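1. no sequence on this one, just coordinates:
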Ligand code: HEM
């Protein structure tokens with residue numbers, strides 16, 4: 001009888017598995033700091049290695065630029081998200097753009113793209129700036145009411161996440177969360193600590209259970225969202241609440257009472273109406289996009305900004321350089337007679353942009369992307385790889401269903417791409433233009449932090465402009481200092497977040513000493 005032989009990746013080198021049943025899964029999820037193991041393995045085996053998943057599955061890991069380029073750019077939909085990831089995304093965001101695949105994804109992305117055009121984005125800048133100004137006002141008030149009157153220790157992540165939630169509410173849906181003003185908004189409440197509460201250090205039973213999802217038919221898998229444990233019920237609460245509130249919002253936009261509105265949902269509703277009837281988003285898909293944008297568009301940006309302030313507090317000379325650049329741009333604004341920065345002003349802040357890139361490089365909020373081979377395929381490698389049996393190979397054959405974990409954090413530090421100081425903070429690397437010979441990979445700055453290709457972050461320009469707007473306000477008006485002896489760790493709560501070593505129970509923490517900038 002003819003049998004198809006699966007292509008084995010057993011000859012790819014990798015660490016010895018600590019458990020037959022769970023492989024490296026628990027070790028990876030419970031590692032002390034996010035990325036530590038991947039950095040170690042990338043150093044030991046090069047940018048491609050193999051680990052053991054649950055039930056003895058061989059998992060291929062890659063941080064190799066040529067492989068990444070092949071998977072994300074060259075191969076269209078040939079490397080879908082794993083079924084486990086697809087279902088996990090559906091549990092929390094429904095059938096929105098993050099969780100669908102192939103043609104459905106292509107259809108949704110086409111309808112959503114107009115809402116993220118450059119022209120559309122410009123209209124959001126005043127909102128980004130006003131929200132940033134409200135945040136800096138809050139922190140100034142905290143400083144002015146502190147015992148010393150000139151500085152205060154402030155836990156940065158808390159208010160930052162509230163600000164980005166307010167921003168996404170307003171510009172995406174014309175909806176007021178009032179999060180910066182401590183309002184007990186229903187949606188804001190189901191959102192609070194959603195990921196930290198549900199995804200940190202998952203128990204072994206759940207890791208094993210999720211590993212079986214690939215064998216369960218979709219019609220049954222759909223019901224996992226009703227499992228009454230902490231993770232599943234928190235996600236269900238969030239999704240149900242966001243669908244209920246979203247429905248009112250969509251009805252308002254569709255009824256045309258808000259003609260001329262420029263929020264993302266209004267554009268989306270219009271773009272959907274303009275689409276061929278057969279290709280339109282149905283109600284379930286439309287509501288899912290609301291949950292998706294809330295999730296994808298708020299904590300991501302907040303955390304990147306938090307890590308940026310962490311680095312600037314640790315590198316005061318760089319912080320001052322950014323402040324000087326902002327001051328020079330401010331003079332230009334005044335000379336022009338404008339009230340505030342316009343998008344092109346941020347082009348004249350090369351160091352601020354380099355700082356954001358370097359922060360995204362060292363602290364990608366999504367440290368790993370999960371894919372599988374949609375069919376038999378051959379992955380190219382940028383450098384020959386020595387196998388367990390001592391062969392040198394320059395490509396890897398994979399079978400349909402082969403799990404491929406993309407280590408964004410390891411790629412972002414790869415010495416062959418970023419130089420010997422790949423592990424260190426050095427924003428100036430982005431000021432040098434000597435990039436010839438590099439394999440072009442990510443959608444932004446050759447980084448994988450916003451992913452790449454047809455499934456790259458749809459909101460990367462949005463995030464960048466928001467971060468430019470917020471960082472320029474905060475650094476112009478405030479000075480951030482790193483408290484002596486504090487030890488911050490990168491924790492995995494589904495996203496890379498900071499905590500203080502030994503104080504996990506305190507949750508996400510980055511307390512910085514904040515004072516008023518001279519003249520602010
Ligand atoms: C610094 C901030 C951000 C980072 C680092 C980031 C990162 C990413 C990454 C890595 C992906 C790919 C995920 C995967 O393939 O598994 C992604 C997808 C996505 N992001 Fe972002 N993101 C950010 C901000 C935003 C914002 C502000 C929005 C919306 C306003 C947004 C909306 C989305 C959407 C809708 C997708 C799915 C795209 C698709 O599958 O076609 N993101 N993002």
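-> Cool, the structure landed. Quick caveat: nothing in here was measured; it's all calculated off a predicted structure.

2. A strand includes residue 161, no?
-> No. Counting by DSSP: H, G, I helix; E, B strand; the rest coil, residue 161 is located in no strand; its state is helix.

3. Kindly state the pLDDT recorded for it?
-> Note for residue 161: predicted pLDDT of 92.

4. list the contacts for it?
-> For residue 161, the contacting residues are 179, 298, 299, 302, 303, by C-beta atoms under 8 Å, 6 or more residues apart in numbering. No exception for glycine: its C-beta is placed from N, CA and C like everyone else's.

5. Can I get these in TSV including secondary structure, pLDDT and neighbour count?
-> Formatted as TSV, the contacts of residue 161 follow (DSSP: H, G, I helix; E, B strand; the rest coil; pLDDT from 0 to 100; neighbours: other C-beta atoms under 10 Å):
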residue	secondary structure	pLDDT	neighbour count
179	coil	89	23
298	coil	90	23
299	helix	91	27
302	helix	96	29
303	helix	96	24
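
6. Format those residues as TSV; extra columns: distance to residue 44.
-> As requested, those are exported to TSV (distance: C-beta to C-beta, whole Å):
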residue	distance to residue 44
179	44
298	37
299	32
302	34
303	29
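
7. Would you report the backbone torsion angles of residue 309?
-> Here is the backbone geometry of residue 309 (degrees, to the nearest 10): phi -70, psi -30.

8. can you count the residues close to it?
-> 24 (other C-beta atoms under 10 Å).

9. My read is that it contacts residue 156, right?
-> Yes. Between residue 309 and residue 156 a contact is recorded at 5.6 Å, counting by C-beta atoms under 8 Å.

10. anything in contact with each of the two?
-> Joint contacts of residue 309 and residue 156 (C-beta under 8 Å, 6+ apart) are 480, 510, 512.

11. Using ChimeraX, define a selection of the buried residues within those residues.
-> Remark: buried members of those, expressed as a ChimeraX selection using 16 or more other C-beta atoms under 10 Å:
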select :480,510,512
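
12. And the shared contacts of residue 309 and residue 156, which is closest to residue 241?
-> Distances from residue 241 to these, taken as C-beta to C-beta, are shortest for residue 510 (28.2 Å).

13. List the contacts of the closest one.
-> 155, 156, 157, 306, 309, 310, 488, 498.

14. Which residue comes closest to the fourth one once chain neighbours are left out?
-> Nearest residue to residue 306, sequence neighbours excluded (C-beta to C-beta, 6 or more residues apart in numbering): residue 157, at 4.9 Å.

15. and the one you found, that's in a helix?
-> Yes. Residue 157 sits within a helix when classified using three-state DSSP.

16. Cross-check the contact I'm expecting between it and residue 307.
-> No. Under the criterion of C-beta under 8 Å, residue 157 makes no contact with residue 307, lying 9.7 Å away.

17. Common neighbours of those two, please.
-> With C-beta under 8 Å, 6+ apart as the test, residue 157 and residue 307 both reach residue 498.

18. Not counting its neighbours along the chain, what's nearest the residue in the chain that the ligand sits nearest to?
-> Closest approach of the chain to the ligand (C-beta to the nearest ligand atom) occurs at residue 459, with a separation of 2.3 Å. Distances taken as C-beta to C-beta, 6+ apart place residue 297 nearest to residue 459, at 5.4 Å, with adjacent residues excluded.

19. quick one: that neighbour and residue 315, what's the gap?
-> Remark: distance between residue 297 and residue 315 (C-beta to C-beta, to the nearest Å) = 28 Å.

20. ditto for residue 134
-> Taking C-beta to C-beta, one finds residue 134 at 27 Å from residue 315.

21. mind listing what's buried in the lengthiest helix in the chain?
-> With secondary structure taken from DSSP state H, the chain has its longest helix at helix 230-254. In terms of neighbour count (16+ other C-beta under 10 Å), helix 230-254 has its buried residues at 231-232, 234-236, 238-239, 241-243, 245-246, 249-250, 252-254.

22. Please apply the same query to stretch 116-134.
-> 116, 120-121, 124-125, 127-134.

23. cool, and stretch 54-72?
-> 54, 58-72.

24. Over to stretch 439-451?
-> Buried, per 16+ other C-beta under 10 Å, within stretch 439-451: 439, 441, 442, 443, 444, 445, 446, 447, 448, 449, 450, 451.

25. which among those residues are in contact with the ligand?
-> Contacts with the ligand within the buried residues of stretch 439-451, as defined by C-beta under 6 Å from any ligand atom: 449, 450, 451.

26. In three-state terms, label the second one for me.
-> At residue 450 the chain is in coil, as set by three-state DSSP.

27. okay, now the residue nearest to residue 306: neighbour count?
-> Neighbours of residue 157 using other C-beta under 10 Å come to 23.

28. next one: residue 201
-> Quick note: residue 201 (other C-beta under 10 Å) scores 11 neighbours.

29. What separation is there between the nearest residue to it once chain neighbours are set aside and residue 507?
-> Using C-beta to C-beta, 6+ apart and skipping the chain neighbours, the partner closest in space to residue 201 is residue 30 (5.8 Å). Relative to residue 507, residue 30 is positioned 18 Å away (C-beta to C-beta).

30. Residue 508 in helix, strand or coil?
-> coil.

31. Just the ones in helices from the buried residues of stretch 54-72, please.
-> Per DSSP H, the subset of the buried residues of stretch 54-72 in helices is 65, 66, 67, 68, 69.

32. show me what contacts the third one?
-> Under the criterion of C-beta under 8 Å, 6+ apart, the contact list for residue 67 reads 47, 48, 379, 380, 381, 382, 396.

33. just the helices in the stretch 201-350 of the chain please.
-> 204-211, 218-221, 230-254, 264-274, 283-296, 299-314, 316-336, 350-362 (DSSP state H, counting those that start in this stretch).

34. Can you give the contact residues for stretch 381-390?
-> 10-13, 46-48, 64-67, 392-396, 416, 439.

35. Give me the distance between the two termini of it.
-> Distance across stretch 381-390, first residue to last, is 17 Å (C-alpha to C-alpha, to the nearest Å).

36. list the buried ones in that stretch?
-> In stretch 381-390, counting by 16+ other C-beta under 10 Å, buried: 381, 382, 385.

37. that older thread, looking at the buried residues of stretch 54-72, which is nearest residue 144?
-> Once C-beta to C-beta is applied, the member of the buried residues of stretch 54-72 that ends up nearest residue 144 is residue 63, at 46.7 Å.

38. Tell me the confidence at the residue nearest to residue 419 when sequence neighbours are not counted?
-> Leaving aside its chain neighbours, residue 419 sits nearest to residue 429 (7.0 Å; criterion: C-beta to C-beta, 6+ apart). pLDDT recorded at residue 429 is 94.

39. Around the ligand, pick out the residues from this protein.
-> 97-98, 109, 292-293, 296-297, 300-301, 304, 365-366, 369, 449-451, 455, 457-459, 462-463.

40. Any of those residues buried? List them.
-> For the residues of the chain next to the ligand, buried by 16+ other C-beta under 10 Å: 97-98, 292-293, 296-297, 300-301, 304, 365-366, 369, 449-451, 455, 457-459, 462-463.

41. Point out where the stretch 201-350 of the chain drops to low pLDDT.
-> 256-260 (pLDDT under 70).

42. swap the cut-off to 80 and go again
-> Within the stretch 201-350 of the chain, the segments meeting pLDDT under 80 span 201, 229-231, 254-261.

43. re earlier: I'd like to know which of the contacts of residue 67 are buried.
-> So, by 16+ other C-beta under 10 Å, the buried ones in the contacts of residue 67 are 47, 48, 379, 381, 382, 396.

44. before we move on, what SS does the fourth one have?
-> Under the three-state scheme (three-state DSSP), residue 381 adopts strand.
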